[in-house]
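# Sequence and predicted structure, then a few things I'm wondering about:
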Amino acid sequence: MRSIFFLVVWTSFSMNAQNSFNEGVQHVKADNFTEALLDFNKVTDAEENYWEAQEHIADIYSHQKKWNEAVEIYEVLVENFPQSASHNFKYGGALGMKALSLSKMQAAFYISDIKFHLKKAAELDPNHIEARWALTKLYMQLPGILGGSTATSYEYTDQLLKISPVDGWLSKGYVASEDENYKAAENYYKKALEVGGSVTCYTKLIQLYEEKLSKREEAQQLRKEAQKQHPTHNWTKN
């Protein structure tokens, strides 16, 4: 009788935890993050979905820009799953966002960890686009004394080009623009537009024409073309 009692109790407990996890997922899909947090926090470390629930919690904190809380959970996830490209990327990214909220002196202490985990994510997943984008931007934003390097950024854009041509050309356009080489940026964004033709591709080139090259006529012409290709997008804001 005692064995049956414990079996019933354990089965009921497991079903409740599973239901909490599933309900949390549904709340995330509906953007009900407060309710989702309540559900995911009900999943205990004895349940098979515990670590997935923890990741959801950290993702929600990231969405809410609560970087301290997100970093704390991502760090535990990386410690338990060091070979996960996703966990390394999210941890490195959250550290980066946390660093942005600190003084330059305080942020400097995080740089090595940010680099390490973003690089590891890229190494673990040869096709991890987001990690390579993050590294491209990181090396462009860092001062030289902390390892910032246009050449290193271009190395990651070359990797992106092999994985996703449109991301490769867009990232090269970004680097060239940040380096104030606007003619090169124009050529790169044009190639991205040829390959991708997305709203982002049009937007980047239009912004370059208007904000950096003062090519108002070209921007206006490109905006008309973009309107035909993507009529549901509000091009008056770009």
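Yep, that arrived.

# name the helices or strands packed onto the helix or strand hosting M140?
Using DSSP states H and E, M140 sits in helix 129-141. When contacts are defined as 3 or more CB pairs under 8 Å, 6 or more residues apart in numbering; DSSP states H and E, helix 129-141 packs onto helix 85-100, helix 111-124, helix 150-163, helix 165-178. The way it works is simple: take the backbone N, C-alpha and C, and place the C-beta from them, glycine included.

# Same list (those helices) but as CSV, adding mean pLDDT.
Listed next are those as CSV, based on pLDDT from 0 to 100:
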stretch, mean pLDDT
helix 85-100, 95
helix 111-124, 97
helix 150-163, 98
helix 165-178, 98
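
# could you dump those helices to a markdown table with mean neighbour count and distance to F21?
Listed next are these as a markdown table, based on neighbours: other CB atoms under 10 Å; distance: least, CB to CB, whole Å:
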| stretch | mean neighbour count | distance to F21 |
| --- | --- | --- |
| helix 85-100 | 22 | 18 |
| helix 111-124 | 19 | 25 |
| helix 150-163 | 17 | 33 |
| helix 165-178 | 22 | 33 |
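
# So which of these is nearest I206?
Of all the helices and strands packed on helix 129-141, helix 165-178 sits nearest to I206, with 12.3 Å by CB to CB.

# would you put the C-alpha positions of that closest one in CSV?
In CSV, the C-alpha atoms belonging to helix 165-178 read as follows (Å, rounded to 0.1, in the frame of the first residue of the first chain):
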residue,chain,number,x,y,z
PRO,A,165,26.0,35.0,-48.4
VAL,A,166,23.4,37.7,-47.4
ASP,A,167,24.7,37.8,-43.8
GLY,A,168,28.2,37.9,-45.1
TRP,A,169,27.7,40.9,-47.4
LEU,A,170,25.6,42.7,-44.7
SER,A,171,28.2,42.1,-42.1
LYS,A,172,31.0,43.4,-44.5
GLY,A,173,28.8,46.5,-45.1
TYR,A,174,28.5,47.0,-41.4
VAL,A,175,32.3,46.8,-40.8
ALA,A,176,33.1,49.1,-43.8
SER,A,177,30.6,51.6,-42.6
GLU,A,178,31.9,51.6,-39.0
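
# Can you give the distance from it to the centre of its chain?
17 Å (CA atoms, centre = their mean, to the nearest Å).

# Can you pull out the low-pLDDT segments for the protein?
1-18, 237-238 (pLDDT under 70).

# if we go to 90?
For the chain, the stretches with pLDDT under 90 are 1-23, 25, 28, 42-49, 100-105, 107, 143-147, 236-238.

# check contacts around the most centrally placed residue in the chain.
Residue closest to the average C-alpha location in the chain (CA atoms, centre = their mean): E130, at 5.6 Å. With contacts defined as CB atoms under 8 Å, 6 or more residues apart in numbering, the neighbours of E130 are F89, G93.
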